[in-house]
Each structure stands twice: as structure tokens, then as C-alpha cells.
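Chemist: My questions concern the predicted model and sequence given below.
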Amino acid sequence: MITDGELIQQLQKGSLDALGALYDRHQKMVFRTALVITGDADAAADLLQDVFLRLHRFASNVDHERPLEPWLYRMTANLSYTWVKRSRRWLRPLEEMAEWLVGGKRHMTHPTSPIDDDWQQVQNAVSALPLPQRVVVVLYYLNDLSLQEISEILEVPVGTIKSRLHYGRESLKKQLLTSQSEKLSDLRCEFT
Amino acid sequence: MNSFDVYIKKCLRNTATRQKPPREGRERLISAATYASNPSRTRENILRAIIRSKSIYPIHAYSPLDAVHWWNGLFITSGTLSPRSLL
């Protein structure tokens, strides 16, 4: 099978087929990472395009002898970061207004079973984390990267990554415990 | 990894794998990259083409103006072109 490095070399010579092949190979990883960081499937689809268009544009700067994944993770994390910050400022108030007007709330997934409900709670808890912690939590849990790898991708010292993961994990525990106890108290109310 | 870590990992993966990237993603990418790599196009031509062709809009753009802003950010590194002047 042709390697990523060989495809990068072809892309550097202008081959769009090579770009397509790299897209097919890595699209799921980029899309899922962006999806969990942003919590928005439409944004994740756009960010996926954005990441690969930047790969096309900056292909000459990519070292074909090094693995491509760290470059893709870095670009995905940076672009998702920018998207979240921008949407917080501009899109969120408009979306909330739209949701209020149509009288419903848009969910990334539609919980139908207790398992779905658990997933949704975890996604909500992750979305509530401060952005630097959220990115580390996603790269660690979703993408299975080590602290060292995350530190190299984000260009942040390992100690900082460790502390972001620690505080992120504590915050997730707290939020999930709170939502569990709310659920239990709701159940108690239903039975009394 | 303790049981909490395993639980978080499982939930996040299940949430992420339920949604698939858009099917037409590769075609959109190649179409956009073709526009970008055509040396005969000036940046203004590219932006005018975006306004005419919905096929290379980013999904999240709500209007031609949004799309122009998005492409502006992507392609234009030196100077800015006012998107409004193109509409």
C-alpha cells in the first residue's frame, strides 16, 4: 500500500488524486475529533474540508518523512479552537434565538435509550469544559494519544497537558455525578 | 486506565462514530482545491465563482457573504478584499 509520505510527495507535485486518497484515509479521524470538540456536526464537516484544503495549500511545508497524523491533529485542534471561540461570540446567540423561535433545541444526537442518554451526558459534560481542557480530553480519550504526543501536537509542555487532563477529568466527574443525582431525584419525585 | 477513564472513552467513541463525515466531502474538496490551484484565476475571480457556484460553499455558510468570508480567510494572505464589493 502506498504510504502517506509518498502521497504527500505526489501532492507536492500537484496531484489532486493524492489529496483525495489522503482525505479518504484520514477523514474519519479528523471529522470525529472536530465533532467532539465543537459538538456540532455541520461545523465538523466544514472543518474537515478546511483541514484538507490547508493540507493542499501548505503541502510544500509538510515533511513527507514524518507521520502525517500529528500535523492533521494540530490543524484540526487549532481550527476547532478558532471555530468554538468565534461561534461563542457570534453564532450562539443567533442559534439560541432560532431555537427559541422554532420552540425546540437542536441536539447533536437524539437520545432514545438509556445508553444514548449516557453518551449525550458525557458529550454535554465535555462541551462544558474550558477549551484548552476539552482539546486535551478529546485527544486523550477519543484519539488514544499519549501525554507526550499531545504535548508535541499542541506545542505545550507535558506538565501543562497533564494538569489540563487532571482538571478536565475532575470536572467531568463532578458534572456527571451532578447529572446522575438530578436524574435520581427526578425518579424519586415520580414515585412519591 | 481506571473504570472512569474507560467509561468516558467508550461514550466519546460511541458518540463520535454514530455520525459519519458527509458523503460528498471528497468531491467538494477536489472541486475547491481545483479552484485554488488554477493559476489563471485571480483571487477576485475565485471569489466571484464562489458566489455563483453553490457546490463549493462550505456547508455551514448561511449566505454567499459567509462563504466569501470563509474563502477569504483560506486563500488571501496579503491584503483583504471586501466581500461586500463582490455581491
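Modeler: Done, it's in.
Chemist: ok, residue B:12 - contacts?
Modeler: Neighbour list for residue B:12: A:36, A:122, A:123, A:126, A:138, A:141, A:142 [criterion: Cβ atoms under 8 Å, 6 or more residues apart in numbering or on different chains]. Using the backbone N, CA and C atoms, a C-beta is placed for each residue, glycine as well.
Chemist: What's the separation between it and residue A:135?
Modeler: Using Cβ to Cβ, to the nearest Å, we find residue B:12 at a distance of 13 Å from residue A:135.
Chemist: got it, and residue A:73?
Modeler: 10 Å.
Chemist: Which one's more surrounded, the two?
Modeler: More neighbours surround residue A:135 than the other of residue A:73 and residue A:135, with 28 against 25 (other Cβ atoms under 10 Å in any protein chain shown).
Chemist: Looks like that one contacts residue A:37 (just checking).
Modeler: Yes: contact status for residue A:135 versus residue A:37: in contact at 6.1 Å, counting by Cβ atoms under 8 Å.
Chemist: hey, what's in contact with both of those two?
Modeler: A:77, A:80, A:81.
Chemist: low-confidence ranges in the chain?
Modeler: As the question left the chain open, I've gone with chain A. Along chain A, the parts satisfying pLDDT under 70 run over A:88-116, A:182-192.
Chemist: meant chain B actually
Modeler: Using pLDDT under 70, chain B drops low at B:38-87.
Chemist: let's go with 90 and repeat that
Modeler: Counting by pLDDT under 90, chain B has low-confidence residues at B:1-4, B:7, B:11-87.
Chemist: just to revisit the earlier point, are any of the shared contacts of residue A:135 and residue A:37 buried, and which?
Modeler: A:77, A:80, A:81 (16 or more other Cβ atoms under 10 Å in any protein chain shown).
Chemist: Pick out whichever of the residues you listed sits closest to chain B.
Modeler: The shortest approach to chain B among those belongs to residue A:80, at 12.7 Å (Cβ to the nearest Cβ).
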